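A.B. asks: Generate a structure from the sequence data that follows.
(chains A and B)
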Amino acid sequence: MHFDIHTVNSSKRLSELSPGGCCVITDIGIPADSARLKSMGLCLGRTLEVVKAGDPLIVKVYGTRIGLSTRLAEHILVEVCLAAPRCWEKGGGHDE
Amino acid sequence: MTSNASPAYRVALAGNPNAGKTTLFNALTSMRMQTGNYAGTTVTKKSGRWKLSGIEVELLDVPGMYSLESATLEEKVAGDVLLGKNPAFPHPDVLLVVMDATNLERNLFLFSQLTECDLPMVGVLTMMDRAHREGLDVDVQALESHLGCKVIPLRFDTKSGFDELKFAVDDIYEWGPDAYPRPHLPSEEVRCGVGCRGCPFHGRFTWSEQIVSQVIRTRHAAPGRVTESLDELLTHRIWGVVAFLVVMFSVFYVIFSLATVPMDLIETGFQVLGDWLAGRLPEGDLQSLLRHGIIGGVGGILVFLPQICLLFFMLALLDDSGYLSRAAFVMDRVMRKVGLPGTAFVPLLSGHACAIPAIMSTRVISDARDRLVTILVLPLTSCSARIPVYVLMVTLLFPGRPLQASAVLVGAYALGIVSALTVAWCLKKTILPGESQALLLEMPAYKIPHIRNALLHTWEKALIFLKQASTVILGISILLWVLATYPKADFSPDLAPELVEKAQLEYSMAGRIGKAMEPVIRPLGYDWQIGIGILSSFAAREAIISGLSIVYGLGEEGGGDSSLLLDNLRQATREDGTPVFTVATCLSLLVFYVLAMQCLPTQAVTKAETGSWKWAGFQLLYMSVLAYVAALAVYQGLGMLGVG
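C.D. replies: Numbering: from 1, shown residues only, chains lettered A, B, ... in the order given. Next up, the predicted model:
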């Protein structure tokens, strides 16, 4: 369930992604803000799409857009999923 | 139970922020609402009466929340109320959960947590028109059977679903307390993650995604095309800032162009009232107290009410349209440099119209410390009440030289905003340390704002302001009148009335304090007359103009004729014959009024929004010290440069 930052080679920081494409959250390494992030849907195993890169950046989670600071995004690890080009085309989300 | 209609049947309205909760609340209760704060907090408590078929119930608008895990104070208060943990607040009888149909996964997450409140629940689906446009087709019956409770799709445009909602709550009421079936609790596994060791969020989101995949039948188009293209522009690194400036400029333009008519009306109204009283009451202390103390003092502040209301209204429209979160997004990077979040920028800018609504609008800042710092520095921005003082000083300095005059005016505004940001930075380094809370902000889809919602919001906020400030304003108006009226002096009867006024003010306590203050304010370039002016404008800074016009022998009414006042000020001399209002004195006084507090209603609002007089006192103290030191530096510095 919990991914280690050094062992998952394909994991990237959310702050390093470019817009478009869909990815799955594999780790959130920022305990202080994790409740805030998680209750907005930025939670382990959830899919999201980067809409706008930069600082702050915009991600699409479920039906809504969330603006977040790079200070948070650099602690969120994601794996890019190659199957679906856009998140909204799939019915539900990802699950391991 | 059914026969015994209890008036205190409580229905709570909960849901995600931006899910349409307030629109539903306003639609159900119309104007019949009550607002206040939850005891011991600054979180807004709002409730209203909602008429069902048989009974009238109390509808409680619980603060918007993303989860019960309470990341913010609002969420904590909301959670306590819904879980029955707030001792000052009885557990509600029914819970309506407002869910945005276009974002059902996240809204169902909250629903799954709220099932633990052990209350009969009704799900309300909002944003159905948008869902329809986006080709989202929700199988409501399937959703009901998954959740184990009634789910009612609502449309505000066609008013459909409102009767069903009423009947659903009626039905729960008919069943009586504790009898109505509760919704399905998600399984242990969902609630705790795997074996209570995993992430409780994870299990719930998986649960809600599973339900959504079964109840949402089709999805044709990409969601939010309009929002996507608007955001392309409005969150752009450069164009976003330009758009923001244009929007805020328009807001100010509307405020300043529309507010003058009602402001003139209020001013005339209070004048008529004062004159009417003068005709009814015999000349004497009572007439003077009512006319100058109460009507004059209260009127002098109420005259700003149209501006306050307009600002509330415009901000509510911007918020409802979805734009405010974009403004915060665009300004976040700049604001972070002084330790404040992007959400602080719109309140700081609004302070240029009036600090009162601006301070009340800092509730958008989620971190308590960030919010406190913003409130503390906000009165440094140049509000519209400073304009008359600025204009007076600038005209004294540069008669007939508009270029220099404008340059100094721009300088005054720049000084205000720069000192606000600098003080914020200092506070963040010293007594309220820490970085600003990292931006995490929902950016809802753009929509046409509801005028009715904005009007109700304005009405609500204006009432709160009047409630909070009226006693303070009244008290201080009376106190200042007493200071300026007693002790009474004896005058020869053939003295001109404006000279009587002048002599009386000098003889009064205010006059004596002004004279006693002279050694303290002398280094700033002020004489005791200016001291009285500063003192008399303690409650409202623009009162310095009438204060000066009295001490310079024009009578109170003389302040209305600005050229007369200007002439008098120019001719005013010290005992040694040198002019009082030199360049250095004017600039020093201008800087003093940029930085000094000099506004009691703002202090009352600071007290209400921070929960204690301590921070209002701190605000007064640091601003007075700052104003004094800066004015001292200006006067003495100019003196050293040889500018008299």
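
A.B. asks: name the helices or strands packed onto whichever strand or helix holds B:Ile172?
C.D. replies: Element membership of B:Ile172, judged by DSSP states H and E, is helix B:162-175. Using 3 or more C-beta pairs under 8 Å, 6 or more residues apart in numbering or on different chains; DSSP states H and E as the contact test, the elements touching helix B:162-175 are strand B:94-100, strand B:121-126, strand B:150-153. Where C-beta positions appear, they are placed from N, C-alpha and C, glycine not excepted.

A.B. asks: highest average neighbour count across the ones you listed?
C.D. replies: Mean neighbour count, computed with mean count of other C-beta atoms under 10 Å in any protein chain shown, is highest for strand B:94-100 among the helices and strands packed on helix B:162-175, reaching a mean of 26.

A.B. asks: The most centrally placed residue in chain A sits in which helix or strand?
C.D. replies: Per C-alpha atoms, centre = their mean, the C-alpha nearest to the average position across chain A is that of A:Ile25, at 4.5 Å. Using DSSP H and E, A:Ile25 sits within strand A:22-28.

A.B. asks: near chain B at all, that strand?
C.D. replies: No - with C-beta under 8 Å from any C-beta of the partner chain as the measure, strand A:22-28 is seen stopping short of chain B, the closest distance being 9.1 Å.

A.B. asks: Mind giving me the packing neighbours of that strand?
C.D. replies: With contacts defined as 3+ C-beta pairs under 8 Å, 6+ apart, the packing partners of strand A:22-28 are helix A:34-39, strand A:47-52, strand A:76-81.

A.B. asks: Any idea which of the ones you listed gets closest to chain B?
C.D. replies: The minimum distance between chain B and the helices and strands packed on strand A:22-28 falls on helix A:34-39, with 3.4 Å, by C-beta to the nearest C-beta.

A.B. asks: Backbone dihedrals for B:Gln57, both of them.
C.D. replies: Wrong residue type there; residue B:57 is Val, not Gln. Torsion angles at B:Val57 (phi, psi; degrees, to the nearest 10) stand at phi -110, psi 160.

A.B. asks: and the gap between the residue nearest to it when sequence neighbours are not counted and chain A?
C.D. replies: Leaving out its chain neighbours, the residue that sits closest to B:Val57 by C-beta to C-beta, 6 or more residues apart in numbering or on different chains is B:Tyr9, at 4.5 Å. The spacing between B:Tyr9 and chain A, counted by C-beta to the nearest C-beta, to the nearest Å, is 30 Å.

A.B. asks: which ones are touching B:Tyr9?
C.D. replies: Going by C-beta atoms under 8 Å, 6 or more residues apart in numbering or on different chains, B:Tyr9 touches B:Ile55, B:Val57, B:Glu58, B:Asp93, B:Val94, B:Tyr173.

A.B. asks: What's the mean pLDDT across the helix holding B:Ile172?
C.D. replies: On average, the pLDDT along helix B:162-175 is 93.

A.B. asks: which outside residues touch that helix?
C.D. replies: Here helix B:162-175 makes contact (C-beta under 8 Å, 6+ apart) with B:2, B:9, B:11, B:27-28, B:52-55, B:57, B:93-94, B:96, B:120, B:122, B:124, B:150, B:152, B:154, B:180.

A.B. asks: Is there a neighbour count for A:Thr70? I'd like the number.
C.D. replies: Around A:Thr70 sit 19 other residues, with neighbours defined as other C-beta atoms under 10 Å in any protein chain shown.
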